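Participant: quick one: sequence and predicted model below, then my questions.
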Amino acid sequence: MGSQVIDGVPEEVPALMRGIGRAARLAQRALANAAAGTVDRALVAAADAVRRSEAAILDANARDLAAARDLSPASRDRLALDHGRVKAVARSLEDIAELPCPVGRVLASFDRPNGLTIERVSTPLGVVGVIYESRPNVTADAGALCLKSGNASVLRGGSESFHSTRALHACLVEGLEAAGLPAAAISLVPTTDRDAVGAMLAGLDGNLDVLVPRGGKALVARVQAEARVPVFAHLEGLVHVYVDAAADADKAEALLVNSKLRRTGVCGAAETLLVHEARAAELMPRLLKALLDRGCAVRGDEAARRADPRVTAATEEDWRTEYLDAVISARAVPSLDAAVDHIETYGSHHTDCIVTEDLQAAATFMAEVDSAIVMHNASTQFADGGEFGFGGEIGIATGRMHARGPVGLEQLCSFKYRVRGDGQTRP
């Protein structure tokens, strides 16, 4: 194990991470005893700090971008901050502060024949570890959502966003301290040493309760394979738009262009277009032209190549590829069932959409496609916790345990049972 110079002080990474884990656990206990409204004051103060520190945040981001010239355009877009994005970070912190506190809600209550009263009550998960790449805004979203749900967080941003994440984290700490909460309630790993990730995967000596990876396929696969604590994760966003036989042509074009090109580097961006054969001759040329004319490359089957000579031949790998770029695969399918079969064969259970005016077809699609988010006549770019009204998200989970879809406040809570009696003993 190596050492890393942190703020001018050399420290062994394993010792550093153990200390972060212990401090986060103690901070989480302090959050459990915090007075009502304290967390909200911390988030509002952090939002104020973000606005005051905009120049410093953008300067830090410029340093990261200067060192990341070899990144793809989509990756640079995920990394980049500007006035609008910094403003959005501050507003997101305030939005999360305004949400109802999810902790302590009575989820169920019932009486037993023996006189016991039993309640199921929401509780924080504990200490949440978040390992992420590229997007510095995850620092604020993840830290704030964990805080609002009573959880301490340990954040490990990517090396490419090192300076940006530190600048945003400083604002979160300023908010915590202004509200009298421990700074370790939102901890940022202050090193790019990969041993820090290994320590988090091992659970920080039992102090980490759950892990959330946000990043590329290699990162998420490693976390899912090696983590010794539960993981909320999605491996890929292989998102499909299926244009049904009963689709409205204008609606299909608008939804496809937005789903693919609004932001190509987000996990809700469409990666595959499926068109019902009954409408392929009519709609394929229009839909593909709308993409190609906007600079999106298309890799397609024979029907797609007939529709536009600019389309290149798709390979088997294309149907399995999350491009995160201005590239899409396209094919004609003979039926709704065939579209569902394609999605189940190649998809990643993230987000999939049907465009149709046939309500029965939409109902069938939404019942049979086993994805975390299934849409009807809506852009797949709405696959976002903020758009769901969650005040942001810590990630989108595609598993089937506990959390699925955007992981917001509710999904960052577990529950316990409170049992009240009057001296009952069990015979």
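Facilitator: That came through fine.

Participant: show me what contacts His83?
Facilitator: His83 makes contact with Glu54, Leu58, according to C-beta atoms under 8 Å, 6 or more residues apart in numbering. In this view, the C-beta of every residue, glycine as well, is placed from N, C-alpha and C.

Participant: same check on Leu283?
Facilitator: Val243, Ala247, Ala249, Ala252, Val275.

Participant: mind listing what's buried along the strand or helix carrying the fourth one?
Facilitator: Pointing back at Ala252 there. In the assignment (DSSP states H and E), Ala252 maps to helix 249-261. Across helix 249-261, burial judged by 16 or more other C-beta atoms under 10 Å covers Ala252, Glu253, Leu255, Leu256, Val257, Asn258, Ser259, Lys260, Leu261.

Participant: in the stretch 1-150 of the chain, which spans are strands?
Facilitator: Along the stretch 1-150 of the chain, counting by DSSP state E, counting those that start in this stretch, strands occupy 3-6, 9-12, 106-111, 117-124, 127-132.

Participant: swap in the stretch 151-300 of the chain?
Facilitator: Going by DSSP E, counting those that start in this stretch, the stretch 151-300 of the chain shows strands at 152-156, 186-188, 210-214, 239-243, 270-276, 297-300.

Participant: do you know which of the ones you listed lies nearest Ala202?
Facilitator: Among these, strand 210-214 comes nearest to Ala202, with 10.5 Å by C-beta to C-beta.

Participant: for the closest one, which helices and strands make contact with it?
Facilitator: Secondary-structure packing of strand 210-214 (3 or more C-beta pairs under 8 Å, 6 or more residues apart in numbering; DSSP states H and E): strand 127-132, helix 217-226.

Participant: would CSV of those with mean pLDDT be doable?
Facilitator: What follows is those, written out as CSV (pLDDT from 0 to 100):
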stretch, mean pLDDT
strand 127-132, 95
helix 217-226, 86
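
Participant: Leu211: which of these is closest?
Facilitator: Nearest of the helices and strands packed on strand 210-214 (C-beta to C-beta): strand 127-132, 4.7 Å.

Participant: quick one, helices of the protein?
Facilitator: Ranges of helices in the chain, per DSSP state H, are 13-32, 38-52, 54-66, 73-79, 83-98, 137-148, 162-178, 195-201, 217-226, 249-261, 277-292, 302-307, 336-346, 359-368.

Participant: any idea which of those is most buried?
Facilitator: Mean neighbours per residue, mean count of other C-beta atoms under 10 Å, is largest over the helices of the chain for helix 137-148, with a mean of 28.

Participant: avg pLDDT for that helix?
Facilitator: For helix 137-148, the mean per-residue pLDDT is 95.

Participant: next, the angle from it to helix 162-178.
Facilitator: Orientation of helix 137-148 against helix 162-178 (axes from the mean of the first three to the mean of the last three C-alpha atoms, to 10 degrees) gives an angle of 20 degrees.

Participant: between helix 38-52 and helix 137-148, find me the angle.
Facilitator: Going by the same axes, to 10 degrees, helix 137-148 makes 160 degrees with helix 38-52.

Participant: what's helix 137-148 packed up against?
Facilitator: Against helix 137-148 (3+ C-beta pairs under 8 Å, 6+ apart) you get helix 38-52, helix 83-98, strand 127-132, strand 152-156, helix 162-178, strand 186-188.

Participant: swap the cut-off to 7 Å and go again
Facilitator: helix 38-52, helix 83-98, strand 127-132, strand 152-156, helix 162-178 (3 or more C-beta pairs under 7 Å, 6 or more residues apart in numbering; DSSP states H and E).

Participant: distance to Arg194 for the ones you listed - can I get that in TSV?
Facilitator: Listed next are the helices and strands packed on helix 137-148 as TSV, based on distance: least, C-beta to C-beta, whole Å:
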stretch	distance to Arg194
helix 38-52	29
helix 83-98	27
strand 127-132	11
strand 152-156	10
helix 162-178	13
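
Participant: mind checking these for the one nearest to Glu316?
Facilitator: Closest to Glu316 of the helices and strands packed on helix 137-148, according to C-beta to C-beta: strand 127-132, at 30.7 Å.

Participant: sheet-wise, list the partners of the closest one with their directions.
Facilitator: When pairing is defined by DSSP bridges, strand 127-132 lines up against strand 152-156 (parallel), strand 210-214 (parallel).

Participant: now the last one, how far from the centre of its chain.
Facilitator: In other words, strand 210-214. 9 Å (C-alpha atoms, centre = their mean, to the nearest Å).

Participant: is it correct that Val275 is in contact with Glu282?
Facilitator: No. With contacts counted by C-beta atoms under 7 Å, Val275 stays clear of Glu282, the gap being 9.4 Å.

Participant: to His342, which of the helices and strands packed on helix 137-148 lies closest?
Facilitator: Taking those one by one with C-beta to C-beta, strand 127-132 is closest: 30.4 Å.

Participant: show me what the closest one is in contact with.
Facilitator: Contacts to strand 127-132, defined as C-beta atoms under 7 Å, 6 or more residues apart in numbering, come from residues 24-25, 28, 138, 142, 146, 151-158, 197, 200, 207-215, 219, 223, 394, 412.

Participant: make a markdown table from the contacts of Leu283 and add pLDDT and distance to His83 to it.
Facilitator: As requested, those are exported to a markdown table (pLDDT from 0 to 100; distance: C-beta to C-beta, whole Å):
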| residue | pLDDT | distance to His83 |
| --- | --- | --- |
| Val243 | 98 | 37 |
| Ala247 | 98 | 39 |
| Ala249 | 98 | 38 |
| Ala252 | 98 | 35 |
| Val275 | 98 | 40 |
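
Participant: that older thread, if you average pLDDT over each of the strands paired with strand 127-132, which is lowest?
Facilitator: strand 210-214 (a mean of 91).

Participant: helices or strands up against the helix holding Ala252?
Facilitator: Using 3+ C-beta pairs under 7 Å, 6+ apart, helix 249-261 is in contact with strand 239-243, strand 270-276, helix 277-292, strand 351-355.

Participant: tell me the angle that helix makes with strand 270-276.
Facilitator: Using the same axes, to 10 degrees: helix 249-261 against strand 270-276 is 150 degrees.

Participant: in TSV: the buried residues of helix 249-261, plus distance to His402.
Facilitator: Below are the buried residues of helix 249-261 laid out as TSV (distance: C-beta to C-beta, whole Å):
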residue	distance to His402
Ala252	35
Glu253	38
Leu255	31
Leu256	33
Val257	35
Asn258	31
Ser259	28
Lys260	31
Leu261	34
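
Participant: now do the contacts for the closest residue to Ser153 other than its chain neighbours.
Facilitator: Leaving aside its sequence neighbours, Ser153 sits nearest to Cys146 (C-beta to C-beta, 6 or more residues apart in numbering; 3.8 Å). With contact taken as C-beta under 7 Å, 6+ apart, Cys146 is in contact with Val128, Ala152, Ser153, Leu412.
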